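A.B. asks: Prediction below, plus the sequence it came from.
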Amino acid sequence: MISKNQTLGEFIIENQASFRYSSGELSRLINSIRLAAKVVNHEVNKAGLVDIIGNIGETNIQGESQQKLDVYANDKFIQTLINRNIICGIASEEEDNFIAINSQDENHQNKYVVLIDPLDGSSNIDVNVSVGTIFSVYRRITELGTPVTQEDFLQKGNQQVAAGYVIYGTSTMLVYTTGDGVNGFTLNPAIGSYYLSHPNMQFPEDGQIYSVNEGNYIHFPQGVKNYIKYCQKEEGNRPYTSRYIGSLVSDFHRNMIKGGIYLYPGNSKNPNGKLRLLYECNPMAFLAEQANGKASDGFTRILDIKPTELHQRVPFFCGSKNMVEKAEEFMKH
């Protein structure tokens with residue numbers, strides 16, 4: 001029975017049985033993410049008061065300039081997950097390689113690996129626009145008690161056992177799924193607890209918002225250009241409204257609540273787009289499908305793509321089912 005005044009902790013315990021590997025570990029893992037998110041949220045909220053905004057003059061593995069808060073969030077999530085002794089490996093968008101974790105237990109029986117984008121949209125921090133954290137959880141596929149390998153991280157998205165995001169906005173929310181629907185929890189900053197505020201979140205099948213960086217229009221494939229023209233055409237319930245924040249978590253969150261489509265296609269400069277399959281597209285695709293939405297690369301279901309490298313990029317079309325299917329139609333012609 002879902003009650004809207006439940007805390008996240010109560011919800012996790014009450015719904016643990018619906019998780020297909022009900023051992024308590026996943027509950028502890030989600031709790032660790034909840035804790036790290038509260039710490040990061042505290043820093044995000046005082047970013048204008050302390051010397052933590054701006055970039056640090058370095059670039060990450062993708063060649064993007066690192067913001068001070070990127071590094072802070074990355075350190076906090078890694079430190080919290082390692083200290084809780086729950087996972088056997090972690091991969092971060094901010095790290096060149098995955099991190100193998102040896103449990104303090106001499107048998108090293110931890111079963112889960114986490115992939116994380118510690119601070120999505122961090123370039124928006126300086127101008128006080130919402131940012132977020134995206135996470136994805138898999139069961140390891142190599143033998144228990146041995147160090148994790150890259151194989152444990154390069155699994156198809158359809159093997160995820162949990163995924164979610166934290167949005168640091170006008171209110172801070174943690175939204176996640178373990179394959180049994182999507183639920184959202186809002187942080188009450190006065191007491192530091194997350195409460196169930198958005199039970200059973202669902203994408204409307206249709207929407208009237210399209211989210212794409214139209215500044216790249218000239219470089220888009222013809223199918224995307226044609227779809228954008230379709231969105232802008234005055235006919236039926238169109239033209240659609242254009243809304244693009246530039247923070248995947250924020251754009252996705254709005255479209256899930258109001259109905260819409262998010263597009264980050266490949267283009268002539270970046271044939272595979274800029275979003276990472278493992279840290280961004282897979283977790284968001286899992287959430288979308290659990291919330292009656294759809295996610296593809298324009299042709300193929302995101303969750304069926306077999307990753308070949310940790311920082312692989314793919315085009316991304318995600319949102320209300322009918323809108324994504326219409327975009328796919330344009331891509332085929």
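C.D. replies: Looks like it arrived, so ask away. Numbers count the residues shown, from 1 in each chain.

A.B. asks: quick one, what contacts Gly89?
C.D. replies: With contacts defined as CB atoms under 8 Å, 6 or more residues apart in numbering, the neighbours of Gly89 are 98-101, 113-114, 140, 148, 152-153. Using the backbone N, CA and C atoms, a C-beta is placed for each residue, glycine as well.

A.B. asks: Farthest pair within the residues you listed?
C.D. replies: Taking CB to CB as the measure, the contacts of Gly89 span a maximum distance of 13.5 Å, between Ile99 and Arg140.

A.B. asks: Looking at the two, which one has more neighbours?
C.D. replies: Taking Ile99 and Arg140 together and counting by other CB atoms under 10 Å, Arg140 has the greater number of neighbours (20 against 16).

A.B. asks: quick one: Val212 from Ala327, how far?
C.D. replies: To Ala327, Val212 is 10 Å away according to CB to CB, to the nearest Å.

A.B. asks: Which one of these two is surrounded by more residues?
C.D. replies: Neighbour comparison, Val212 and Ala327: the larger count goes to Ala327, with 27 against 23 (by other CB under 10 Å).

A.B. asks: right, and that one touches Tyr227 too?
C.D. replies: Yes: under the criterion of CB atoms under 8 Å, Ala327 makes contact with Tyr227 at 4.9 Å.

A.B. asks: quick one: common contacting residues for those two?
C.D. replies: In contact with both Ala327 and Tyr227: Leu263, using CB under 8 Å, 6+ apart.

A.B. asks: residue ranges with poor pLDDT in the protein?
C.D. replies: Within the chain, the stretches with pLDDT under 70 are 1-3, 18-23, 47-67, 103-108.

A.B. asks: so what sits against both of Val212 and Ala327?
C.D. replies: Going by CB under 8 Å, 6+ apart, residues that sit against Val212 and also against Ala327 are 224, 263.

A.B. asks: In terms of helices and strands, where is His44?
C.D. replies: Actually, residue 44 is Val. It isn't His. Val44 belongs to helix 25-45 when assigned by DSSP states H and E.

A.B. asks: Alpha carbons of that helix, as PDB, please.
C.D. replies: Written as PDB, here are the backbone C-alpha positions of helix 25-45 (Å, rounded to 0.1, in the frame of the first residue of the first chain):
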ATOM      1  CA  GLU A  25      21.800  -5.100  -0.100                       C
ATOM      2  CA  LEU A  26      19.900  -3.100  -2.800                       C
ATOM      3  CA  SER A  27      18.000  -1.300   0.000                       C
ATOM      4  CA  ARG A  28      21.300  -0.400   1.700                       C
ATOM      5  CA  LEU A  29      22.700   0.800  -1.700                       C
ATOM      6  CA  ILE A  30      19.700   3.100  -2.400                       C
ATOM      7  CA  ASN A  31      20.100   4.400   1.200                       C
ATOM      8  CA  SER A  32      23.800   5.200   0.500                       C
ATOM      9  CA  ILE A  33      22.800   7.100  -2.600                       C
ATOM     10  CA  ARG A  34      20.200   9.000  -0.600                       C
ATOM     11  CA  LEU A  35      22.800  10.000   2.000                       C
ATOM     12  CA  ALA A  36      25.400  11.100  -0.600                       C
ATOM     13  CA  ALA A  37      22.700  13.100  -2.400                       C
ATOM     14  CA  LYS A  38      21.900  15.000   0.800                       C
ATOM     15  CA  VAL A  39      25.500  16.000   1.200                       C
ATOM     16  CA  VAL A  40      25.800  17.100  -2.400                       C
ATOM     17  CA  ASN A  41      22.500  18.900  -2.200                       C
ATOM     18  CA  HIS A  42      23.900  20.900   0.700                       C
ATOM     19  CA  GLU A  43      26.900  22.000  -1.300                       C
ATOM     20  CA  VAL A  44      24.800  22.800  -4.400                       C
ATOM     21  CA  ASN A  45      22.500  25.000  -2.300                       C
END
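
A.B. asks: Show me what that helix is packed up against.
C.D. replies: Helix 25-45 is packed against helix 8-14, helix 68-83, strand 112-120, strand 131-139, strand 162-168, strand 172-177, with contacts defined by 3 or more CB pairs under 8 Å, 6 or more residues apart in numbering; DSSP states H and E.
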